[in-house]
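>>> quick one: sequence plus predicted model below, questions after.
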Amino acid sequence: YTATLSNKAGTDLVIKLSNGESITIAAGQKEASITIDAPSDDVYVDAANLSVTVTGTTGGDFEKLDVSKTAAVTQVTDTIDTTTVTLTATPSVAEGGVVTYTASVNHKVTGSDLVVKLANGQT
């Protein structure tokens, strides 16, 4: 996030943000930035917007400081974690023998059991 002033700060200006972070614009400067980490990937939660507003300021030595009430909004895009199921079978078997089918996935199964239904109706 970047905070910008129309005039240079006379003293250090601390800008408090609604996400608990703060930005300090040093005396004699008009701008400062901070970086924050985006939320980590969650397979159960889709992407969302991060919205941050200024909740307060201290310092700066301004006669009048007009703070924008407009939120800074960041769109967090969802990363789709595609899981692939691979089916393998016993390579060869004698007549009357048993064929074993094995289903494998390339990501850990979480939350509940994964059931693969075969074309013959078996699971």
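Right, received. Where do you want to start? On a predicted model such as this, the values are computed, not experimentally measured, just so you know.
>>> ok, the spatially most central residue of the chain - contacts?
By Cα atoms, centre = their mean, the mean C-alpha position of the chain lies nearest to P39, the distance being 3.2 Å. In this structure, P39 makes contact with A48, L50, V76, judged by Cβ atoms under 8 Å, 6 or more residues apart in numbering. Placement of C-beta: from N, CA and C, glycine included.
>>> next one: T55
K16, L17, S18.
>>> tell me how far the spatially closest residue to the second one that is not a sequence neighbour lies from Y1.
Spatial nearest neighbour of L17, excluding adjacent residues (Cβ to Cβ, 6 or more residues apart in numbering): V52 at 5.1 Å. Between V52 and Y1 the distance, using Cβ to Cβ, to the nearest Å, works out to 6 Å.
>>> on that earlier part again, residues contacting the residue nearest to L17?
Y1, L17, S18, N19, E21, A71, A72, V73, T74.
>>> tell me the SS of the last one?
It refers to T74. Put simply, T74 is strand when judged by DSSP: H, G, I helix; E, B strand; the rest coil.
>>> L17 and Y1 touch, don't they?
Yes. Using Cβ atoms under 8 Å, L17 makes contact with Y1 at a distance of 7.0 Å.
>>> find residues that contact each of those two.
Shared contacts of L17 and Y1 (Cβ under 8 Å, 6+ apart): I23, V52.
>>> residues contacting A47?
Q75, V76, T77, D78.
>>> distance to Q122 for those - can I get that in a markdown table?
Output for the contacts of A47, formatted as a markdown table (distance: Cβ to Cβ, whole Å):
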| residue | distance to Q122 |
| --- | --- |
| Q75 | 44 |
| V76 | 41 |
| T77 | 39 |
| D78 | 34 |
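>>> looking at these, which is nearest N120?
N120 lies nearest to D78 out of these, by Cβ to Cβ, at 35.8 Å.
>>> turn the contacts of A47 into JSON lines, including distance to I25 and pLDDT.
Listed next are the contacts of A47 as JSON lines, based on distance: Cβ to Cβ, whole Å; pLDDT from 0 to 100:
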{"residue": "Q75", "distance to I25": "26", "pLDDT": "86"}
{"residue": "V76", "distance to I25": "26", "pLDDT": "83"}
{"residue": "T77", "distance to I25": "30", "pLDDT": "81"}
{"residue": "D78", "distance to I25": "34", "pLDDT": "74"}
